[in-house]
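**Student:** kindly generate the corresponding structure for this input.
(2 chains)
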Amino acid sequence: MPETKTSPAADTGPPPAFADAVRDETSLRRFLHGLPGVDAVGVEQRAAGLATRSIKKASKLWAIDMAISMVDLTTLEGADTAGKVRSLCAKGRRPDPDAPEVPRVAAICVYPDMAATAVAELAGTGVGVASVATAFPSGRSSLAVKLADTAYAVEAGATEIDMVIDRGAFLSGRYGQVFDEIQQVKAACGDAHLKVILETGELATYDNVRRASWLGLLAGGDFIKTSTGKVSPAATLPVTHVMLQAVHDWHATTGELRGVKPAGGIRTTKDAIRYLVAVREVAGERWLDPRLFRFGASSLLNDLLMQRRTQLQGHYSGPDYVTVD
Amino acid sequence: MPSWEYAPAPESRAIANLKPNYRMFLDGEFVEGGGEPLKSINPATEEVLAEVSTAGSADVDKAVKAAQRAQDKVWGRMPGAERAKYIFRVARLIAERARELAVLESLDNGKPIRESRDVDVPTASAHFFYHAGWADKLDHAGYGPDPRPLGVAGQVIPWNFPLLMAAWKIAPALACGNTVVLKPAETTPLTALVLAEIIQQAELPPGVVNILPGAGEVGAAVVGHPGVRKVAFTGSTDVGKSIQRSLAGTGKKLTLELGGKAANIVFDDAPLDQAVEGIVNGIFFNQGHVCCAGSRLLVQESVAEELLDKLHKRVATLRVGDPLDKNTDVGAINSRAQLTKIQELVASGEAEGAKRWTSPCPVPDKGFFFAPTVFADVSQAMRIAREEIFGPVLSVLTFRTPDEAVAKANNTPYGLSAGIWTEKGSRILWMADKLRAGVVWANTFNRFDPTAPFGGYQESGFGREGGRAGLEAYLDV
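**Tutor:** Modelled structure (predicted):
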């Protein structure tokens, strides 16, 4: 894969092509509302059509391994403990104890207070530590608290920050506020990668998803992410199509590669493969890379492991043969 | 990073239950015909699939008489609620044998299994379901109390949707109390003959449906038979015209569904990504073998470059190849003759100065295939803008104002369908009112439903099929 810039600099603002778009609140609004609309019937038809692709044999095995390497293995519960996080890290380092060739997951995703535990467990493994931040999941707090939340996670050693946008501000049309917040969180991230959670289930329309996607890209998000997993609907195929189209178009204009992360509700290998087909055919083959596409999931990993065994052994072995962590 | 290629995912051809010989269906029995047998080939491999007996002129006479008898004695007298049960049973059996029909259709026609499985067969079944519902409600269809059937319907159908066209023709005819003599296309007779099996399985009284394969002369004999009271034809404009001439003064009722050169019109405020999908679906669905295909793309100049760029990228992802592979998007051209015609028109486009772009996708070296092609810089005077290509070839023209879009869209002897892409609802209504086309799609294309009437203007024919309006063609009103 050719070396391409995947992380925008925190301090320089958007590329020249979009310098005008973010000049002030009015230009930003004009730009976002000037994006072509998304026809709901059309995008859903396209997503359903692509979902009928039939992925078999070697291409299925390839897809399963790729999907495993793209998983952000997640636990975001009030009941999380250091023990729970440690066991999840062990799972992420070596997903299938019987098969050392299975790739590691991309990252372990936790709340900020658990980041230090995960960092200690994962040191030197190549598995990232993603921490949610900015008053996740609702984002209902002051900017100061959100920045402090981010700094707390970064100081604990998180390599990736999953922030939430202020959906209230977005839905009431205060795009400038959302933009500024993302920029400031990005600055607080330092070297950590920033994923911008749009919470598409609350944005409701595909037009809003497209606008929020561009807003996240303009403000410097390394990834745009569908959902917190705490709101229904979480990730859907058509929403992911719209976001994949946005990163594709962003790359076509700026040459920068940004990523997409659907999160929530993706539980089966069949679902994951449908997402990978969308990645390949909507964004393009170069997005089939854990640096540019992730799955935010908890139970998906075990289904991928079971299906991997099925592919290799020729028969289904059942949930007792994968570890529950 | 290795690239991710989809492994072949072929549907099993054994599911088609292909037989070495197929016979015509006359008066409830499968019998040998008096005509020269024809060989139906698989356009994707050029291998012979089966030998099919064809009708001689005596067979046509026998079939029409059987249909007359069935109409007089049984079908025409049967209460609508009873007819409905038979039609309903046909619908159910099509659904039950859907996989078999889909694989057979893809083998015989060359269309991708994804389409035969997801469009042709389910829609065929839906047509029977829908019309079963009408059979006992004709009093309330708006044609007066107790509208009467016409008698024997002679029907001739094309090769692009072999099973679906048979369903479009047979279902309304039966619902209204008519009986049928149908001739499937010469290159694609197989699924119609499996439909005949289904009709036998559903225990329709003998003679109610007769299916006679053969070439053009069998079709001419069917429509010319004095016992036929209603003729329905779907096919080329030339043949349609000759049928209309031959029927003048005979008192036979006629509906024609002929060619088209539909405009797909994209305004600068359109949802562009979905417009691209609609354009692709409009012209590359069924290899462009669609009479209502959106073969002329009219795009507003201000977004033309952006749209064409997106379109090329998207078309390059279409997978051309084995029709039985579940991941194939564009299958085989139905016959060598059709492939030659497409090649000839494409050559004329290049010679007349249009800018050709052809998808770099791999194309099988055996069988009849044509890579998706887009012509830019097309002017109204070129043959590729005026003549129906009936293949995966799109001609792109531009316009500046809504009036110019309407003028260019209507500037054709055809008038079957049109598409409008804009986020402005008022413009959709204004355009739909001005466009001379039987079907106008807004922000979508090539959507078919038994409840929606379908048919054309001018050289695209007359009469409607589907919906309440479609019943009129089969009733004495």
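**Student:** neighbours around the residue in the stretch 51-200 of chain B positioned nearest to chain A, how many?
**Tutor:** Here the stretch 51-200 of chain B gets closest to chain A at one residue, residue B:114, 6.2 Å apart by C-beta to the nearest C-beta. (C-beta placed from N, C-alpha, C; glycine too.) Residues within reach of residue B:114, counting by other C-beta atoms under 10 Å in any protein chain shown, total 23.
**Student:** show me the shaky parts of the chain.
**Tutor:** Chain wasn't specified; assuming chain A. Applying pLDDT under 70 to chain A flags residues A:1-12.
**Student:** you looked at the wrong chain, it should be chain B
**Tutor:** Residue ranges of chain B with pLDDT under 70: B:1-2.
**Student:** residues in chain A within reach of chain B, list them.
**Tutor:** Residues of chain A lying near chain B by C-beta under 8 Å from any C-beta of the partner chain: A:1, A:36-39, A:41-43, A:45-46, A:52-60, A:62-63, A:66, A:245, A:276, A:280-281, A:285-286, A:288-289.
**Student:** for stretch B:370-382, the distance to its chain's centre please.
**Tutor:** Relative to its chain's centre, stretch B:370-382 lies at 23 Å (C-alpha atoms, centre = their mean, to the nearest Å).
**Student:** for it, how far is the first residue from the last?
**Tutor:** Criterion C-alpha to C-alpha, to the nearest Å; first-to-last residue distance in stretch B:370-382 is 21 Å.
**Student:** do the same with stretch A:269-288
**Tutor:** 16 Å.
**Student:** and the contacts of that stretch?
**Tutor:** A:1, A:47, A:50-51, A:53, A:55, A:60, A:63-64, A:66-67, A:237, A:240-241, A:244-245, A:247-248, A:257, A:259-260, A:262, A:266, A:292-293, A:295, A:300, A:303-304, A:306-307, B:1, B:3-4, B:317 (C-beta atoms under 8 Å, 6 or more residues apart in numbering or on different chains).
**Student:** list only buried entries from these.
**Tutor:** With neighbours counted by 16 or more other C-beta atoms under 10 Å in any protein chain shown, the contacts of stretch A:269-288 contain buried members at A:47, A:50, A:53, A:55, A:60, A:63-64, A:66-67, A:237, A:240-241, A:244-245, A:247-248, A:257, A:259-260, A:262, A:266, A:292-293, A:295, A:300, A:303-304, A:306-307, B:4.
**Student:** what parts of the stretch 101-250 of chain B come near chain A?
**Tutor:** Within the stretch 101-250 of chain B, the positions near chain A by C-beta under 8 Å from any C-beta are B:114, B:118.
**Student:** in terms of helices and strands, where is residue 46?
**Tutor:** You didn't say which chain, so I picked chain A. Per DSSP states H and E: residue A:46 is located in helix A:40-50.
**Student:** correction: the question concerned chain B.
**Tutor:** Going by DSSP H and E, residue B:46 is not in any helix or strand.
**Student:** who are the contact partners of the closest residue to it other than its chain neighbours?
**Tutor:** The shortest distance from residue B:46 to any non-neighbouring residue, by C-beta to C-beta, 6 or more residues apart in numbering or on different chains, is to residue B:367 (5.9 Å). Residue B:367 is in contact with B:42-46, B:110, B:332, counting by C-beta under 8 Å, 6+ apart.
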